[in-house]
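Q: Predicted model and sequence below, questions to follow.
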Amino acid sequence: MSSVVLPEAEIRNTNWSSDVYAPSDDSFALVDAVKEYLLQLHSKCLLQQLPRICLEVGCGSGYVICSAALAIQCLEQQQQQQRLVQASSPQPPAAAAAGCGGGCQFFATDINPAALQAAAQTLASHQVHGVQLVQTDLVASLIPRLAGAIDLLLFNPPYVPTPDEEVQRQGIAQAWAGGVDGRRVTDRLLAQLPDLLSPQGHAFIVTVSENRPQEIISILEAQGFVASIALSRAADEESLHILHVHRP
Ligand code: SAM
């Protein structure tokens, strides 16, 4: 699967538009955590649990959703090959014989229209087609369509602690300004998570130490989720913690 993932050096050296968040250590950590989760499904022979609906909230350049789509589509191909092998065996299992399966649907939102343009270019230049790009506040215009249906939700929010007024600024400031404790935008999505995730859904959310990730975990546990830190990484002037959230 590593061969399909976008090379970090290429992504870092891309000239991104100045009004779009350029993929950085947080974006790479998020992709690494998601890849590890998908590899676990592969190594534990759980490809039937591959997501059917994947949503990235706040997609920026499109690097994260593009990487996730490439990784998932690669595993779907492997799953398909396994089914063909099983179907050609003398006594095919029922599922293989029935040829069940089908691709994951991908959605990505951003509040910044320039980000959606950049994401469209990133996806097209890596031959990833069919991702639905939606300009909206968090997930507003995808509800109720995707309510309770999201199997994989990815979110790298604006997490830098700032005065609350900065959260309302337009353009690139919206990529990082997180208000008090850097939590204003994250907390709005956390409140919606129970209505978004499917019964088998998983979410990966970027936090930094100033966001108090353990407190976020407690909030998620009080909502009935299982939550943990999937990956921690020291980056320039921040400690990143990628939260992994799912139902018990
Ligand atoms: N996902 C990209 C990545 O990891 O490189 C970009 C992450 S950047 C830290 C946060 C993104 O969230 C920005 O593209 C920003 O425009 C978007 N964003 C901020 N507030 C939002 C909101 N209320 N609804 C949707 N997107 C939002």
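A: Thanks, I have the structure now. Numbering: from 1, shown residues only.
Q: Show the pLDDT at Gln86.
A: Here the pLDDT value assigned to Gln86 is 81.
Q: Quick one: neighbours of it, just the number.
A: Per other C-beta atoms under 10 Å, the neighbour tally for Gln86 reads 14. Bear in mind the C-beta positions are built from the backbone N, C-alpha and C, glycine included.
Q: so which strand or helix has it?
A: Per DSSP states H and E, Gln86 falls inside helix 63-87.
Q: same for that helix, what does it pack against?
A: helix 25-43, strand 53-57, helix 94-98, strand 105-110, helix 113-125, strand 150-155 (3 or more C-beta pairs under 8 Å, 6 or more residues apart in numbering; DSSP states H and E).
Q: relative to strand 53-57, how tilted is that helix?
A: Inter-element angle recorded for helix 63-87 and strand 53-57: 170 degrees (by axes from the mean of the first three to the mean of the last three C-alpha atoms, to 10 degrees).
Q: Just send the helices and strands packed on helix 63-87 back as CSV, with distance to the ligand, mean neighbour count and mean pLDDT too.
A: As requested, the helices and strands packed on helix 63-87 are exported to CSV (distance: least, C-beta to the nearest ligand atom, whole Å; neighbours: other C-beta atoms under 10 Å; pLDDT from 0 to 100):
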stretch, distance to the ligand, mean neighbour count, mean pLDDT
helix 25-43, 3, 19, 96
strand 53-57, 6, 25, 98
helix 94-98, 35, 12, 41
strand 105-110, 5, 24, 98
helix 113-125, 4, 19, 96
strand 150-155, 7, 25, 98
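Q: how far out from the middle of the chain is the helix holding Gln86?
A: Its chain's C-alpha centre and that of helix 63-87 lie 16 Å apart, by C-alpha atoms, centre = their mean, to the nearest Å.
Q: how about it against the ligand, any contact?
A: Yes - judged by C-beta under 6 Å from any ligand atom, helix 63-87 comes into contact with the ligand at 63-64.
Q: on that earlier part again, need the helices and strands packed on helix 63-87 in CSV with distance to Ala173, can you?
A: Below are the helices and strands packed on helix 63-87 laid out as CSV (distance: least, C-beta to C-beta, whole Å):
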stretch, distance to Ala173
helix 25-43, 16
strand 53-57, 18
helix 94-98, 49
strand 105-110, 14
helix 113-125, 13
strand 150-155, 18
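Q: So what's the residue count around the nearest residue to Pro23 once chain neighbours are set aside?
A: Nearest non-adjacent residue to Pro23, counting by C-beta to C-beta, 6 or more residues apart in numbering: Tyr63, 4.1 Å away. Residue neighbour count, defined by other C-beta under 10 Å, stands at 29 for Tyr63.
Q: Offset the numbering so it begins at 837, please.
A: Okay, using 837 as the starting number, the last item reads as Tyr899.
Q: Which pLDDT value goes with Tyr899?
A: So Tyr899 comes in at 97 (pLDDT).
Q: Show the contacting residues for it.
A: 842, 847, 859, 863, 867, 958 (C-beta atoms under 8 Å, 6 or more residues apart in numbering).
Q: Go again with 10 Å.
A: 842, 844, 847, 850, 852, 857-860, 863-864, 866-867, 892, 954-955, 958-959, 962, 992 (C-beta atoms under 10 Å, 6 or more residues apart in numbering).
Q: got it, and Ala985?
A: For Ala985, the contact set (C-beta under 10 Å, 6+ apart) comprises 888-889, 891, 941, 978, 1032-1035, 1037.
Q: Which one (most neighbours) among those residues?
A: The most crowded member of the contacts of Ala985 is Leu891, carrying 29 neighbours; neighbours defined as other C-beta under 10 Å.
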